[in-house]
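[1] With the input below, show me the fold.
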Amino acid sequence: MICESIIEAVVSEMLACFKESDGFFSKTRDMFATRTQSYILETKKYLEAAIFGEIGNNTFDHNFGFESNYPWGAYCNLSYKQKYIVLADYGRGIRQSLLPVLTSIGSDREAIETAFTKRISGRSPEQRGNGLKFVSDAIQQNNWHLFFQSGTGSCSIDESGIKFLERPIPLTGCLAILDFSEGS
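    Sure thing, here's the model as predicted:
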């Protein structure tokens, strides 16, 4: 399980990193894809790369506006504290991404729950919207852990399932913290 102190440390460090546009920042989808491919070449961990690749690619697939004073793109630290993979962006977030297709979504928590449990597509009649369901299934089946937050909505996924929560401090965009160590 990813403890609260790690979440707080990541959020605090993210603010500084985004403002400085440090080496962990991928400004384009190509840059992010290169980091994903390098990870695969170095580790041969294809499933892990598919999981964080899906989350990171969503930054470029679903964000059409980013918070002012922050760069466009995705933060991607593949070895945070030598244990975690951290992905984040300051985009419009899950709720704003889903609202054009599902106007009834009333909260960030509901948006997170929808994104991780329901098939949604803004490109009807295409059957899309399975990426985060794949992430959830793979995390649960492999005894790994994911913490994800957008706005005040969050979820924690591990082998026991998904827990959806409201967090007191909202986040602009999305934050994912992955722990691929078995039994995390």
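
[2] Any regions of the protein where pLDDT drops low?
    Applying pLDDT under 70 to the predicted model, the residue ranges of the chain that meet it are 1, 15-22, 63-67, 70-71, 121-129, 183-184.

[3] Which secondary structure elements does the top strand by length along it sit against?
    Looking across the chain with DSSP state E, the single longest strand is strand 161-179. For strand 161-179, the helices and strands in contact under the criterion 3 or more Cβ pairs under 8 Å, 6 or more residues apart in numbering; DSSP states H and E are helix 4-20, helix 46-62, strand 84-89, helix 93-98, helix 108-117, helix 131-141, strand 145-158. No exception for glycine: its C-beta is placed from N, CA and C like everyone else's.

[4] Quick check: neighbours of it in the sheet, parallel or antiparallel?
    Sheet pairing of strand 161-179 (DSSP bridges) gives strand 84-89 (antiparallel), strand 145-158 (antiparallel).

[5] Could I get the buried residue list for it?
    Of the residues in strand 161-179, those buried by neighbour count under the rule 16 or more other Cβ atoms under 10 Å are 162, 164, 171, 172, 173, 174, 175, 176, 177, 178, 179.

[6] and if you look at stretch 50-60?
    Under the neighbour-count criterion of 16+ other Cβ under 10 Å, stretch 50-60 has 51, 52, 53, 54, 55, 56, 57, 58, 59, 60 buried.

[7] Wait, residue 31 touches residue 73, no?
    Yes - distance between residue 31 and residue 73: 7.4 Å, which falls inside the contact criterion (Cβ atoms under 8 Å).

[8] so what's residue 76 bridging to?
    With DSSP bridges applied, the residues forming beta bridges to residue 76 are residue 87.

[9] burial of it, as a residue count?
    Taking other Cβ atoms under 10 Å as the neighbour definition, residue 76 ends up with a count of 24.

[10] list the contacts for it?
    With contacts defined as Cβ atoms under 8 Å, 6 or more residues apart in numbering, residue 76 is in contact with 24, 25, 26, 32, 35, 52, 56, 85, 86, 87.

[11] Columns distance to residue 143 on top of these, output as TSV?
    As requested, the contacts of residue 76 are arranged in TSV below (distance: Cβ to Cβ, whole Å):
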residue	distance to residue 143
24	27
25	31
26	28
32	26
35	25
52	17
56	22
85	16
86	20
87	20
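
[12] out of those, who's nearest residue 101?
    Sorting the contacts of residue 76 by distance to residue 101 puts residue 56 at the head of the list, at 21.4 Å, by Cβ to Cβ.

[13] Report the separation between residue 174 and residue 75.
    Counting by Cβ to Cβ, to the nearest Å, the gap between residue 174 and residue 75 amounts to 10 Å.
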